[in-house]
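1. I'll drop the sequence and a predicted model, then ask my questions.
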Amino acid sequence: MATKTFTFEKLPTTLDELKTLPEANLQDAFATIALTVAAFAAYPTDKDAALEMLNFLKGPEEVSNHDKSFIADRFSDKDYVPKSFFEGATPDNNYEPNKPYTISVSDNPYSYQSEGYATLYITSGGADSPRAVRVRQKKSTGEWFINGYGGILMGIREPKALDPWA
């Protein structure tokens, strides 16, 4: 099992900013997932910029209209979910991550069961178990692109500020 940790001084807010990050060469499956979480973190403030970053991270495929609706639905009342994957973000601090932004991505013995695909895992401060994220490698370039990101958008515990019982 391997875990890789990525640190961002500032989260990207545009595709150009994302492309300046060393991880944006997409040669590392773990890095592609870290960038995907960073792109989702931009969604609450600039949906179009976040989708542009996600399209880049998806490679030859674009975010489908179905996925756009799914993402919009997930963010309608839970825009804190992506930041929950960064170190220090918990329900008690309303998912305010430590700075610089740090995220860890891990594999397990079952991560590479299909050739050209990898299922890796990230941990949310508001969930009890790691969330699966799938990437696919483009053979001709060796680049890893996001292939399944539903695990990033799954529900987590409400932040303390929204919990009437806190």
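-> On my side now, so go ahead.
2. next up, the contacts around the residue minimising distance to the centre of the chain.
-> By C-alpha atoms, centre = their mean, the mean C-alpha position of the chain lies nearest to residue 37, the distance being 2.0 Å. Contact analysis of residue 37 by C-beta atoms under 8 Å, 6 or more residues apart in numbering lists 82, 85, 86, 103, 122, 152. For every residue, glycine as well, the C-beta is placed using N, CA and C.
3. now do the same contact list for the second one.
-> By C-beta under 8 Å, 6+ apart, residue 85 lies in contact with 37, 103, 122, 123, 124, 125, 131, 152.
4. try 10 Å
-> 33-34, 36-38, 40-41, 95, 97, 101-105, 122-127, 130-131, 133, 151-152, 156 (C-beta atoms under 10 Å, 6 or more residues apart in numbering).
5. from residue 114, how far off is it?
-> Shown here: residue 85 relative to residue 114, a distance of 24 Å by C-beta to C-beta, to the nearest Å.
6. biggest helix in this structure by residues?
-> Scanning the chain for the helix with the most residues, using DSSP state H, yields helix 29-42.
7. C-alpha coordinates for the next helix or strand after that one, CSV please?
-> Using DSSP states H and E, the helix or strand that follows helix 29-42 in sequence is helix 47-58. The C-alpha coordinates for helix 47-58 follow below in CSV (Å, rounded to 0.1, in the frame of the first residue of the first chain):
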residue,chain,number,x,y,z
LYS,A,47,-19.0,26.6,-11.3
ASP,A,48,-17.8,27.3,-14.8
ALA,A,49,-14.2,27.4,-13.9
ALA,A,50,-14.5,24.2,-11.8
LEU,A,51,-16.1,22.4,-14.8
GLU,A,52,-13.4,23.7,-17.1
MET,A,53,-10.8,22.2,-14.7
LEU,A,54,-12.7,18.9,-14.5
ASN,A,55,-12.9,18.7,-18.3
PHE,A,56,-9.1,19.0,-18.4
LEU,A,57,-8.8,16.3,-15.8
LYS,A,58,-11.1,14.0,-17.7
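8. report all helices and strands that helix 47-58 contacts.
-> helix 15-19, helix 29-42, helix 65-75, strand 144-148 (3 or more C-beta pairs under 10 Å, 6 or more residues apart in numbering; DSSP states H and E).
9. next, format the ones you listed as CSV and append distance to residue 91 and mean pLDDT.
-> Listed next are these as CSV, based on distance: least, C-beta to C-beta, whole Å; pLDDT from 0 to 100:
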stretch, distance to residue 91, mean pLDDT
helix 15-19, 28, 98
helix 29-42, 17, 97
helix 65-75, 18, 93
strand 144-148, 26, 96
